[in-house]
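Participant: sharing a sequence plus its predicted fold:
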Amino acid sequence: MPADLEAQRIVKVAGAQLGPIQRNDDRSSVVERLIALLRSAHAQGAELVVFPELALTTFFPRWFIEDPEEIDSFFERSMPSPVVQPLFDVAKSLGVGFALGYAEMTADGHHYNTTILVERDGSVVGHYRKVHVPGHEEHEPWRPFQHLERRYFEPGDKFETWDAFDGLVGLATCNDRRWPETYRVHGLAGCELLMIGYNTPIHYAPDPSQNRLAGFHNSLVMQAGAYQNGMWVVGVAKGGVEEGVDSLAESCIIAPSGEIVAQALTTNDEVIVADCDLNLCANYKNTLFNFARYRRPEVYGAITDSSAR
Ligand code: ING
């Protein structure tokens, strides 16, 4: 169909970057920050706001915590929980949808690194539980700070692409963005907009030589994923120096061309906005990356993971 006859599908999307959340910052003060960011995004015309991973608390996997009650104090037993309800209320009153990362504790005691996606009318589109859980399981005192996500979170076991915001949209979380499979699984499902919150310490203890490349790797993986799958990618940080740990900011909105169209300039609370023309995805999905025509899954299947040998 000629492009000019196709219904326009432009979603004005905001990335709501957070600066540090310190250990003693209570959730109500954080929710006030989230609401201020959402109001600012709405004032700029946004109808979808993407918040970071674990957006309600400090990034607690940086500590080795043994007391189960203290660990559970960082988790939400419901979403919205009472303290977060005002965010849901304001968003619905403004007709703004949002993605919010938080630590989820289920009624039967399971713990996940979760993101909820809420439509403009306040309805819940879905939940995503982080699939690629990085870091380590046991206390490693040699590290200047821990990265104990594998101690505190169980992995999720599926990626989902939903029909929402006038297109096909999906969620991923932090380390997920480093794995090409994340983008390709969503790409094969036709995803046009992938939203990714992250908390990324700049210092990478297993190989500090990578520290200087933190920003480069961040944009590299998201730009590649966007281009190779013809999708918009919105990466949103909780950044700055949080409890003494310097975390990458550089939130960005990336077009299906792979171009960065908006990028945060600070390491604090900051809103970035872009008009995401979902029809632009077809320029790539229907040409270069026409999976049905050009991909060779029958060939790829023969390639096994060398580490599995
Ligand atoms: N954080 C990091 C991420 O993948 C990490 C883990 C830190 C990887 C530093 C590499 C370097 O961005 C989370 N939360 O996954």
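Facilitator: Yep, it's here.
Participant: alpha carbons of whichever strand or helix holds M195, in CSV - could you do that?
Facilitator: Taking DSSP states H and E as the definition, M195 sits inside strand 193-198. Taking C-alpha atoms only, strand 193-198 is exported to CSV below (Å, rounded to 0.1, in the frame of the first residue of the first chain):
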residue,chain,number,x,y,z
LEU,A,193,8.9,-0.6,19.8
LEU,A,194,11.1,-2.2,22.4
MET,A,195,11.4,-0.5,25.8
ILE,A,196,14.5,-1.3,28.0
GLY,A,197,15.1,0.1,31.5
TYR,A,198,18.6,-0.3,32.9
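Participant: contacts only, for C281.
Facilitator: 192, 230-232, 256 (CB atoms under 8 Å, 6 or more residues apart in numbering). The C-beta positions use only the backbone N, C-alpha and C, and glycine is treated the same way.
Participant: reformat those as CSV; add pLDDT and secondary structure.
Facilitator: Shown next, in CSV, are the contacts of C281 (pLDDT from 0 to 100; DSSP: H, G, I helix; E, B strand; the rest coil):
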residue, pLDDT, secondary structure
E192, 98, coil
G230, 98, coil
M231, 98, coil
W232, 99, strand
P256, 99, coil
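Participant: contacts with the ligand among those, please.
Facilitator: Contacts with the ligand are made by none of the contacts of C281, judged by CB under 6 Å from any ligand atom.
Participant: who wins for neighbours among the residues you listed?
Facilitator: Counting neighbours by other CB atoms under 10 Å, M231 leads those with 31 neighbours.
Participant: and that one, how far from the ligand?
Facilitator: According to CB to the nearest ligand atom, to the nearest Å, M231 stands 19 Å off from the ligand.
Participant: next, the buried residues of the helix or strand hosting R39.
Facilitator: Following DSSP H and E, the helix or strand that holds R39 is helix 27-43. For helix 27-43, the neighbour count (16 or more other CB atoms under 10 Å) marks 27, 30-31, 33-35, 37-42 as buried.
Participant: go on, stretch 72-82?
Facilitator: 74-76, 79-80.
Participant: before we move on, back to that, reformat the buried residues of helix 27-43 as JSON lines; add pLDDT.
Facilitator: What follows is those, written out as JSON lines (pLDDT from 0 to 100):
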{"residue": "R27", "pLDDT": "98"}
{"residue": "V30", "pLDDT": "99"}
{"residue": "V31", "pLDDT": "99"}
{"residue": "R33", "pLDDT": "99"}
{"residue": "L34", "pLDDT": "99"}
{"residue": "I35", "pLDDT": "99"}
{"residue": "L37", "pLDDT": "99"}
{"residue": "L38", "pLDDT": "99"}
{"residue": "R39", "pLDDT": "99"}
{"residue": "S40", "pLDDT": "99"}
{"residue": "A41", "pLDDT": "99"}
{"residue": "H42", "pLDDT": "98"}
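Participant: out of those residues, which one sits closest to the ligand?
Facilitator: Minimum distance to the ligand across these is 17.7 Å, recorded for V30 (CB to the nearest ligand atom).
Participant: quick one: G156 from R129, how far?
Facilitator: Counting by CB to CB, to the nearest Å, the gap from G156 to R129 is 3 Å.
Participant: surely A103 touches D72?
Facilitator: No: if you go by CB atoms under 8 Å, A103 and D72 don't touch, sitting 9.1 Å apart.
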